[in-house]
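1. Sequence and computational prediction follow.
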Amino acid sequence: DGGITQSPKYLFRKEGQNVTLSCEQNLNHDAMYWYRQDPGQGLRLIYYSQIVNDFQKGDIAEGYSVSREKKESFPLTVTSAQKNPTAFYLCASSKRGQAAMTRNTEAFFGQGTRLTVV
Amino acid sequence: AQSVTQLDSQVPVFEEAPVELRCNYSSSVSVYLFWYVQYPNQGLQLLLKYLSGSTLVKGINGFEAEFNKSQTSFHLRKPSVHISDTAEYFCAVSFSGYSTLTFGKGTMLLVSP
């Protein structure tokens, strides 16, 4: 079955350490996204990528970094510069990222990674 | 500026009662509209979407939504809810010319017996 896999589901790290969250999709989607979810704040976009080797900052990119070396993979690194990293992180993908160009803008989501920094 | 507003953070309702979850957006460009559902500690699952055509859209699990362009709304409805519908519901909008979805802050639907 096609889908998006995020790993691990739960992650604990000590303050000051960088940590990388994995996101893999086998849907052959061009666009991939990382969102952060905090209670009462909905989903906030961290980074997105519309094509391999290219990505753009979202609304809350500070303290995060990404790479897109392969179409299937879009890992997110939470760096020590992120002041409040404890959150639920969701990865998503869609067929294309250009909303004006296509109707295929619905996003498919992974199951999320809950990161706790202590 | 483009924005999405879900007016209710929580909606409590009894089982088998009807429910409406409200979503309004602000935009000067054309839009595509979506409703997603999230169960605890899970990702988001698409309930339904409006791209064009009929303004009444039917989705999974008996949900439907109506696009009202003049009121810039896309409210989600279900005539009779079940306990299993307890979840958080997100309205999302794709604004023409933008490459990403904009999400509302979510509405927690709490169904009790």
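-> All right, it came through fine.
2. What helix or strand is the nearest residue to B:T55 once chain neighbours are set aside located in?
-> Excluding the flanking residues, the one nearest B:T55 by Cβ to Cβ, 6 or more residues apart in numbering or on different chains is B:F67, at 4.4 Å. Quick note: C-beta positions are derived from backbone N, CA and C, even for glycine. In this assignment (DSSP states H and E), B:F67 forms part of strand B:64-68.
3. coming back round to it: give the bridge partners for the residue nearest to B:T55, please.
-> Per DSSP bridges, the residues bridged to B:F67 are B:F74.
4. which ones are touching it?
-> Residues in contact with B:F67 (Cβ atoms under 8 Å, 6 or more residues apart in numbering or on different chains) are B:33, B:50, B:55-57, B:73-74.
5. need the strands for the chain, in chain order.
-> Reading this off chain A. Here chain A has its strands, by DSSP state E, at A:4-7, A:10-13, A:19-25, A:31-38, A:42-51, A:54-57, A:64-66, A:76-78, A:87-94, A:108-109, A:113-117.
6. Chain B, not that one
-> B:3-5, B:10-14, B:19-21, B:24-26, B:31-38, B:44-50, B:56-58, B:64-68, B:73-78, B:87-95, B:101-103, B:107-112.
7. can you tell me which of the ones you listed comes nearest to A:Q6?
-> Of all these, strand B:44-50 sits nearest to A:Q6, with 12.2 Å by Cβ to Cβ.
8. That closest one pairs with which strands, parallel or anti?
-> In the sheet, strand B:44-50 lines up with strand B:31-38 (antiparallel) (DSSP bridges).
9. top of the contacts of B:F67 by neighbour count?
-> Counting neighbours by other Cβ atoms under 10 Å in any protein chain shown, B:F74 leads the contacts of B:F67 with 29 neighbours.
10. Looks like that one contacts B:Y89 (just checking).
-> No - when contacts are counted by Cβ atoms under 8 Å, B:F74 is not listed as touching B:Y89 (11.8 Å).
11. intersection of neighbour lists for these two?
-> Common contacts of B:F74 and B:Y89 (Cβ under 8 Å, 6+ apart): B:W35.
12. Does anything pack onto the lowest-mean-pLDDT helix or strand in chain B? Which helices or strands?
-> When each helix and strand of chain B is scored by mean pLDDT, DSSP states H and E, strand B:101-103 comes last, with a mean of 88. When contacts are defined as 3 or more Cβ pairs under 8 Å, 6 or more residues apart in numbering or on different chains; DSSP states H and E, strand B:101-103 sits against strand B:3-5, strand B:87-95.
13. what does chain A put close to chain B?
-> Residues of chain A lying close to chain B by Cβ under 8 Å from any Cβ of the partner chain are A:4, A:6, A:9, A:31, A:33, A:35, A:40-43, A:45, A:48, A:50, A:56, A:58, A:88, A:90, A:92, A:97-100, A:103, A:105-112, A:114.
14. near chain A, which residues of chain B?
-> B:6, B:9, B:32, B:34, B:36, B:41-46, B:49, B:51-52, B:90, B:92, B:94-101, B:103-106.
15. List buried residues within those.
-> Taking 16 or more other Cβ atoms under 10 Å in any protein chain shown as the criterion, what is buried in the residues of chain B next to chain A is B:6, B:32, B:34, B:36, B:42-44, B:46, B:49, B:51, B:90, B:92, B:94-95, B:98-101, B:103-106.
16. With mean pLDDT added, can I get the helices and strands packed on strand B:101-103 in JSON lines?
-> Listed next are the helices and strands packed on strand B:101-103 as JSON lines, based on pLDDT from 0 to 100:
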{"stretch": "strand B:3-5", "mean pLDDT": "92"}
{"stretch": "strand B:87-95", "mean pLDDT": "91"}
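17. Alright, I will stop here.
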